[in-house]
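Q: need a structure here:
(one chain, ligands or ions: 1)
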Amino acid sequence: MEERKVVLVTGGSRGIGKEVAEVYAENGYDVVINYVSDKTDVEGIKKEFEEKGVKCLLVKADVSKAEDVNNMVESAIAEFGKIDVLVNNAGITRDTLLMRMSEEDFDKVIEINLKGTYLVTKSVTKYMMKKRQGSIINLASVVGVVGNAGQCNYSASKAGIIGFTKSVAKELASRNIRANAVAPGFIATDMTSVLSDSVKESINAQIPLKRMGTAREVAEVIYFLGSEKSSYITGQVINIDGGMVM
Ligand code: NAP
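A: Reported below is the predicted structural model:
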């Protein structure tokens, strides 16, 4: 019997991350997901997976804290012995215009989105390098490519993730480890549910496909990038945005 593969999805409790964990589980992977404070939602996900014969490890971890991250990765290795695919999905927004943006809101977004991606990637690649195999997928955003008024902290974090992904792809290619980023546009999750209906309408009007994307549409591309079907793709940024940026 073929050995089961293992995926670590940060921020797997909700939204895109939850959907990513589900797509991998459906395709025969065992899953590691983190939660930050509330364990209730993730306990439900674990139960659902286990009923389908998928092993699921839940770890409490704030991705911006090195100690939490190392504990999360070591727990995953203790449980499964390896991590085949890493999806750096955890992320937050603290939107406001530059003139009103506090240093705290700037730092918080950089710490979780960008530094978190660095900490988890560094911790996981130690084990991927030993196996000489792995695929890393980082969640960037179209605003990391084109910018967005009211999101200078968030778009800086996402542009940083793009540079980080390309550098890591160059460093690790010789070890058979690939690193790619996805750049979603507007995806219907808790993150975008805070937008008013009029803002959503004006966003939809500017998207060639005239609608927001679904978490599933992002998760399927992330699954492809983690799989052998994308074995000759590394250092790329794949837009999933209904044609917003082309
Ligand atoms: P979401 O629904 O707000 O979920 C965010 C996830 O990140 C949650 O699981 C949350 O955990 C976790 N998280 C937050 N802070 C964390 C921390 N310090 N340590 C560990 N986990 C933490 O977001 P989403 O819309 O699914 O977005 C997922 C990713 O896609 C993000 O990186 C986001 O920037 C990116 N993205 C989203 C869109 C969009 O339109 N939705 C577009 C482009 C890119 P808790 O449940 O415990 O809070």
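Q: buried ones in the helix or strand of the chain with the lowest mean pLDDT?
A: Here the helix or strand of the chain ranked lowest by mean pLDDT, DSSP states H and E is helix 190-193, holding a mean of 89. By 16 or more other Cβ atoms under 10 Å, the buried positions in helix 190-193 come out as 191-192. To be clear about C-beta, it is placed using only N, CA and C from the backbone, and glycine gets the same treatment.
Q: now do it: distance to the chain's middle.
A: 16 Å (Cα atoms, centre = their mean, to the nearest Å).
Q: right, and the helix or strand after that helix?
A: helix 197-206 (DSSP states H and E).
Q: render the CA-only coordinates of that next one in CSV, please.
A: The C-alpha coordinates for helix 197-206 follow below in CSV (Å, rounded to 0.1, in the frame of the first residue of the first chain):
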residue,chain,number,x,y,z
ASP,A,197,-22.9,45.2,0.1
SER,A,198,-22.2,48.4,-1.9
VAL,A,199,-18.4,47.8,-1.7
LYS,A,200,-19.0,44.1,-2.8
GLU,A,201,-21.1,45.2,-5.7
SER,A,202,-18.5,47.7,-6.9
ILE,A,203,-15.7,45.1,-6.5
ASN,A,204,-17.8,42.5,-8.5
ALA,A,205,-18.3,45.0,-11.3
GLN,A,206,-14.5,45.4,-11.7
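Q: quick one: contacts of that helix?
A: 186, 192, 195, 210-212, 244 (Cβ atoms under 8 Å, 6 or more residues apart in numbering).
Q: one more: stretch 60-70?
A: Contacts for stretch 60-70 (Cβ under 8 Å, 6+ apart): 10-11, 34-36, 39, 71-72, 88, 90, 111-112, 115-117, 119-120, 123.
Q: quick one: which of the residues you listed sit in strands?
A: Of those, the ones assigned to strands by DSSP state E are 34-35, 88.
Q: for the protein, what lies in contact range of the ligand?
A: 10-11, 13-17, 34-37, 62-64, 89-92, 112, 139, 141, 184, 186-187, 189-192 (Cβ under 6 Å from any ligand atom).
Q: ok, for the residue minimising distance to the centre of the chain, nearest residue in space, not its chain neighbours?
A: Nearest to the mean C-alpha position of the chain, by Cα atoms, centre = their mean, lies Asn89 at 1.8 Å. Nearest non-adjacent residue to Asn89, counting by Cβ to Cβ, 6 or more residues apart in numbering: Gly17, 4.0 Å away.
Q: distance from the longest helix seen in the chain to the middle of the chain?
A: The longest helix of the chain (DSSP state H) is helix 152-172. Between the centre of helix 152-172 and the centre of its chain there are 13 Å (Cα atoms, centre = their mean).
Q: and the next element down the chain from it?
A: Next element after helix 152-172 (DSSP H and E): strand 177-184.
Q: just want the angle from that following strand to helix 152-172.
A: 160 degrees (axes from the mean of the first three to the mean of the last three Cα atoms, to 10 degrees).
Q: packing partners of strand 177-184?
A: helix 116-131, strand 134-139, helix 152-172, helix 215-226, strand 237-240 (3 or more Cβ pairs under 8 Å, 6 or more residues apart in numbering; DSSP states H and E).
Q: could you redo the last one with a cut-off of 6 Å?
A: For strand 177-184, the helices and strands in contact under the criterion 3 or more Cβ pairs under 6 Å, 6 or more residues apart in numbering; DSSP states H and E are strand 134-139, helix 152-172, helix 215-226, strand 237-240.
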